[in-house]
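What would the 3D arrangement of this be:
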Amino acid sequence: MPDLTVTVWAPLAESVEVVLPRATDLSAEAAPRVADLSDEHAPSGAQSALRSATRSPEDALRSAARAQGDGTWTFDLPVGTDYLLSVDGGEPRPDPRSPRQPYGVHGPSRTWDASAFAWTDDDWAGRNVLGGVMYELHVGTFTPEGTLDSAIERLDHLVDLGVDTVELMPVVPFPGDRGWGYDGVSWYAVHEAYGGPEALQRFVDAAHARGLAVCLDVVHNHFGPAGNYVAEFGPYYTPKHHTPWGAAINLDDDHADGVRAFIVDNAIRWLRDFHLDALRLDAVHALVDDSPRHVLAEMADAVDELERELGRPLTLIAESDLNDVAMITPTDEGGRGMDGQWADDVHHALHSWLTGETFGYYVDFGAGETLAKAFEKVFVHDGWYSTFRDKAWGAPVPDDVERRRFVVSTQNHDQVGNRGLGDRPDERLDAGAVAGGAALMLLGPFTPMLFQGQEWGTRRPFRFFCDHDDELGSLITAGRLREFAEHGWAEIYGPDAPIPDPQDPETFEASKVAWDELDQPEHEGMLAWHRALVDLRRQHLAEPDLPVATSHGDDWFALDHGPLRVVVAPRSGATVPATGELLCEFGEATLQAEGVVQLGPASVAVVRRDSDA
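Numbers count the residues shown, from 1 in each chain. Below is the predicted model of the structure:
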C-alpha cells in the first residue's frame, strides 16, 4: 500500500518535524481503554510513547516536513503509523487533522486510509432529511456497550418506529471514556471508545442498508480544554472576539484563511469519506465572523458543489440562537446558506405550556397564545423583547419559508441533559400530556426529532457527564452547581436537590438507555402511540406547505395541519369543535354528532377533518 501524504497547517513556523515514537509497540492491543497520557492508568505503551517522543532524538525518529510555501507542510507515512508533530523544536503534539487518536487526546496520532473501507451502499440515493422523522442518540449511552457497532444492532428498532434519519451526537475524541462530545479537540477523528473511524463507516453503511439517513452533530465553535494544542501550530484563535469558551475561533483576523479551510474541509470530509447525509452544526451563533463572506456561507457553497459531484442530497442544519431566517437564506441572496435550523422557541413554547414551567429561559412562554405563535410563526421572539436576554431579539419568518426547514423536539440532549437532574418530561407529566406533546410535534409542520428512549416514555434521565482529570473535573462540577442556581431549577427540585456530579461514573451509567423497558406493559402504549403518529404523518402530511392553523381554550390546544386536527387536553377534560373521523386517541376521546370531540383528562385526539371543515 502506498504511503499517505499528511498535510499540516503551520503558517508561522520555521520548521515542522515528524516525530515517530519507537520505544514501544503502539498497536491497538496496547491500549485496552482510551486514556490521557498524563493519566497514571493510561496504557503503559502510550506512556512510553510520550516519553520516547519528548525526551531526545535518540529515543524517537524525527524527520523534517516539507514546506509548501502556502503555510502548509507535508510528509509521507505508511498507513497505520503513529506520529506526533513538533513545531520549531517544541513539544511533540498530535496532528490537528489527525484521522485517529488511539491513545487519547494527548497521545500520538495515527495515519488512516478512509478509502480502504468496502462500502455496500452503492444503491443509496440519499435523502433530504428535512421533513422526515429524525432521532437523536448518544453513542456512549444508547447501548450497554456504548459503541457504534452495538448501536447497529438497534437500527431495526428505529426502522420499525418509522424513523427516517439518525442523528448522532458528536463522535470526535474527547478526554477519557465518558462525555457528550462537545469538548472534542481532534475534529477529524472518531472517539476510540466508540470504535474509531472504521466503526463510523460501518454504522453509516448499515444504516443506509436499512433505508436510514445519518446526520452527525459537529462542533466548530470551540476546541475542548483538554488536549487542545492547535495554538502551537498557528493562529487558530483571535483576540478580536470572545465566546463563552474564551477567545473566538479565528475566522476574520490575520491568517484566517487556514482556519476557515480547516472548518470547511472538516465538513466535506464527514460527508465524503463517511458517506454521511447531513451535518448538524452546533451553536453557530458562536462562529463570530465579520468577514465579507461568512464561513457558513463558504461551507454551504462547498457542500453544494460536493452534492453535485456525488449526485445525492446533502443537508446542513444549524443550531442557532439568533432567531434569524438569514441562516437559511441562500448564499446568492446574501444568507448563510443552511438548509435547515433548530427552532428552540417551538420546544420552549410546547414544554412550558405542558409543564407550567415559566422560570429561566421559559419566562416568556407558557400561554396558549404563545404556543399558537410558535406553530404559526416559528419564532416567538421575532423582534419582540426577550425577558431572559433583556433585549429585543430575533426577526420574523416570512410566510413563504417552508416550515420543514425548522427542526423541533419535545426532548433533546440539551433540553433534557441541561436540566438540573437531567429528568425527562415523563417524570412530572401524566402520560396523556406527554402523548399530547408528541402528537403536536410529530403531526406539526416542522421536521420532528425524537430523543433516545422518548418513544416508549422512558423515565431514565440523560445527564451531563464527563471524564476529565481531577483538577479540570472539579471546575466543571463547580460550574454545574452555579448553573443550577442561575437557571432557577430550585423552583421545581427544591433548594437542596442533589445535583449529579458530572465526573461521577454513576452519572453516566444512570443515563444509559434501558432497553429492557420495551418488555414492560407500561411502555407498550406509548411506543404504539409514537408508531401510530409517525404512520399518520406519512399517510396524511407528505406534501410540504400544507395549511396550518391553531385554536386554544382553557387547558386545551388544537392544531390544524393539512387534513388533520390534533386536540390536546394535558390536564383536565375539554370539549373542542371537530368533525370528521377519529383516527386515534390517547386517553379518553369520543367524536360526537354535535361536531365536537370530548376529551377526558390528560387525553389526545387526532381527527381527519371533513373536507369542508
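
alpha carbons only for contacts and neighbour counts from here, please
Fine.

what sits against the closest residue to Gly311 other than its chain neighbours?
Using Cα to Cα, 6 or more residues apart in numbering and skipping the chain neighbours, the partner closest in space to Gly311 is Ala125 (7.9 Å). Ala125 makes contact with Gly311, Arg312, Pro313 under the criterion Cα atoms under 8 Å, 6 or more residues apart in numbering.

If you rank the residues you listed by neighbours, which is first?
Ranked by neighbour count (other Cα atoms under 10 Å), those have Pro313 at the top, with 17 neighbours.

Please look at that one and Glu307 and confirm they touch.
Yes - at 6.0 Å, Pro313 counts as touching Glu307 under the criterion of Cα atoms under 8 Å.

Check the secondary structure at the residue nearest to Gly311 for me.
coil (DSSP: H, G, I helix; E, B strand; the rest coil).

which phi and psi does it have?
phi -90, psi -10 (degrees, to the nearest 10).

do the same with the one 4 residues further on
Recorded main-chain torsions at Val129 are phi -70, psi -20, according to degrees, to the nearest 10.

Can you pull the phi/psi pair for the residue nearest to it when sequence neighbours are not counted?
Using Cα to Cα, 6+ apart and skipping residues adjacent in sequence, the residue nearest Val129 is Thr165, 6.4 Å away. When read as degrees, to the nearest 10, the backbone of Thr165 gives phi -140, psi 130.

got it, and Arg531?
Torsion angles, degrees, to the nearest 10, at Arg531: phi -60, psi -40.

Pull up the gap between the residue lying closest to it once chain neighbours are set aside and Val434, please.
Spatial nearest neighbour of Arg531, excluding adjacent residues (Cα to Cα, 6+ apart): Leu161 at 5.3 Å. Remark: distance between Leu161 and Val434 (Cα to Cα, to the nearest Å) = 17 Å.

count of neighbours near Gly89?
12.

Could you check the pLDDT of it?
Gly89 carries a pLDDT value of 97.

With the one 5 residues further on instead?
At Pro94 the predicted local distance difference test score is 98.

residue contacts, it?
If you count contacts by Cα under 8 Å, 6+ apart, then Pro94 has Tyr83, Leu84, Leu85, Val105, His106, Gly107, Pro108, Ser109, Tyr229 around it.

Now, these that are in strands?
Tyr83, Leu84, Leu85, Ser109 (DSSP state E).

Put together JSON lines for these, with pLDDT, neighbour count and distance to Gly553 on each row.
JSON lines is the format used below for the ones in strands among the contacts of Pro94 (pLDDT from 0 to 100; neighbours: other Cα atoms under 10 Å; distance: Cα to Cα, whole Å):
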{"residue": "Tyr83", "pLDDT": "98", "neighbour count": "26", "distance to Gly553": "66"}
{"residue": "Leu84", "pLDDT": "98", "neighbour count": "25", "distance to Gly553": "65"}
{"residue": "Leu85", "pLDDT": "98", "neighbour count": "27", "distance to Gly553": "65"}
{"residue": "Ser109", "pLDDT": "98", "neighbour count": "28", "distance to Gly553": "60"}
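
Return the member of those residues nearest to Phe465.
Taking Cα to Cα as the measure, Phe465 lies nearest Ser109 of these, at 25.5 Å.

partner residues bridging the closest one?
Tyr83 (DSSP bridges).

Surely it touches Arg97?
No - look at Ser109 against Arg97 with Cα under 8 Å: they stay out of range, at 9.0 Å.

Point to the helix or strand of the chain where mean pLDDT is at its lowest.
The helix or strand of the chain with the lowest confidence, counting by mean pLDDT, DSSP states H and E, is helix 44-54 at a mean of 46.
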